[in-house]
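Participant: here are the coordinates; sequence isn't available:
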């Protein structure tokens, strides 16, 4: 059975044979489930359940290890059921005094400041630079974009020595700006926002804003930022996680005895000849809580941004 998808009227001075009618099989328009939301079967749910359990197991085992004693965690096989020492271990690691007399609370505050400042600056500068590379026309745009992308291939370990020489010359050792300033913007963030805005921001929308008399900053604030908000949420989450978990450069710039971040402070807890894994894992649980809070607050926008990018792709 077929239905016509074109007009069957005979044009003046002609016949139907002169203008053949294109017909589309009706079965193609009436496929089962067309236009309706698809639901996964038992196999799909089973696979997703296995993936979810595998993803959550490291966090669960960290809680198990943080709630046991050093003797029990060293047993073979290791325990898989939480013990009763969780709150006492959390209290002990929270009140731990590092080499410089700093508590874990101060280290967490430093990590919040560093990760927050790096995230805000990266999202802001990457969005502005991505908009410029995506929609503005200026001399050397493609060359500059290639240079920015090329920096992604440079291992970060190569920049440790030059950065340390710079902060030593500025007398910024053990100061938070020595960790914040090198991460104000990333090449990945610029490339990510450029790719998103190239597809999501219509040029006609910018031309309409200019026709209404909006200047460049008004266009950025009222047009670019609202359109880029889903991608900004995704980039902000990725940047916050990376800055929060960064260890190598903060360990060099912020010594445990000076003004450490949380990761550097946790490393000092595990130092020495006697290592208590349960206390270290309790500190790891504390360090994970802010990441879970951030994802709980911005998770909806992050998932929405990922899904919107998938639909556009």
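Facilitator: Now that the structure is in, tell me what you want to look at. As the structure is a prediction and not an experimental result, all values here were calculated from the model.
Participant: what about residue 224, distance to residue 215?
Facilitator: From residue 224 over to residue 215 the distance is 13 Å, taken as C-beta to C-beta, to the nearest Å. Where C-beta positions appear, they are placed from N, C-alpha and C, glycine not excepted.
Participant: Compare neighbour counts for the two and give me the winner.
Facilitator: The residue with more neighbours, out of residue 224 and residue 215, is residue 224; 23 against 9, by other C-beta atoms under 10 Å.
Participant: ok, now which ones touch residue 102?
Facilitator: By C-beta atoms under 8 Å, 6 or more residues apart in numbering, the residues touching residue 102 are 259-260, 265.
Participant: That one falls within a strand, correct?
Facilitator: No: looking at residue 102 with DSSP: H, G, I helix; E, B strand; the rest coil, it is coil, so not inside a strand.
Participant: Okay, strands next: where are they in this structure?
Facilitator: For the chain, the strands defined by DSSP state E cover 2-4, 23-25.
Participant: Which of these comes out lowest on mean pLDDT?
Facilitator: Sorting the strands of the chain by mean pLDDT places strand 2-4 lowest, at a mean of 45.
Participant: For the residue nearest the centre of the chain, give its distance to residue 295.
Facilitator: For the chain, the residue nearest the mean C-alpha position is residue 238 (1.7 Å; C-alpha atoms, centre = their mean). With distances taken as C-beta to C-beta, residue 238 is found 11 Å from residue 295.
Participant: Now for residue 108, how many residues are close by?
Facilitator: Residue 108, neighbours per other C-beta under 10 Å, totals 19.
Participant: Could you verify my assumption that it touches residue 263?
Facilitator: No: using C-beta atoms under 8 Å, residue 108 makes no contact with residue 263, being 10.3 Å away.
Participant: Between those two, which contacts overlap?
Facilitator: Counting by C-beta under 8 Å, 6+ apart, the contacts common to residue 108 and residue 263 are residue 287.
Participant: Let me know the pLDDT of residue 250.
Facilitator: Reported pLDDT at residue 250 in the predicted model: 91.
Participant: go on, residue 69?
Facilitator: We have a pLDDT of 83 for residue 69.
Participant: Where does the prediction get shaky in the stretch 51-200 of the chain?
Facilitator: Judged by pLDDT under 70, the stretch 51-200 of the chain has its weakly predicted residues at 100.
Participant: All the helices of it, residue numbers only.
Facilitator: 70-73, 86-94, 104-135, 141-150, 160-169, 177-180, 187-200 (DSSP state H, counting those that start in this stretch).
Participant: Of those, give the one that comes closest to residue 44.
Facilitator: The closest of the helices of the stretch 51-200 of the chain to residue 44 is helix 187-200. By C-beta to C-beta, the value is 28.8 Å.
Participant: Please enumerate residues in contact with that closest one?
Facilitator: Helix 187-200 has contacts (C-beta under 8 Å, 6+ apart) with 122-123, 125-127, 129-131, 133-135, 145, 148-149, 151-152, 224, 227-228, 231-232, 234-235, 239, 308-309, 312.
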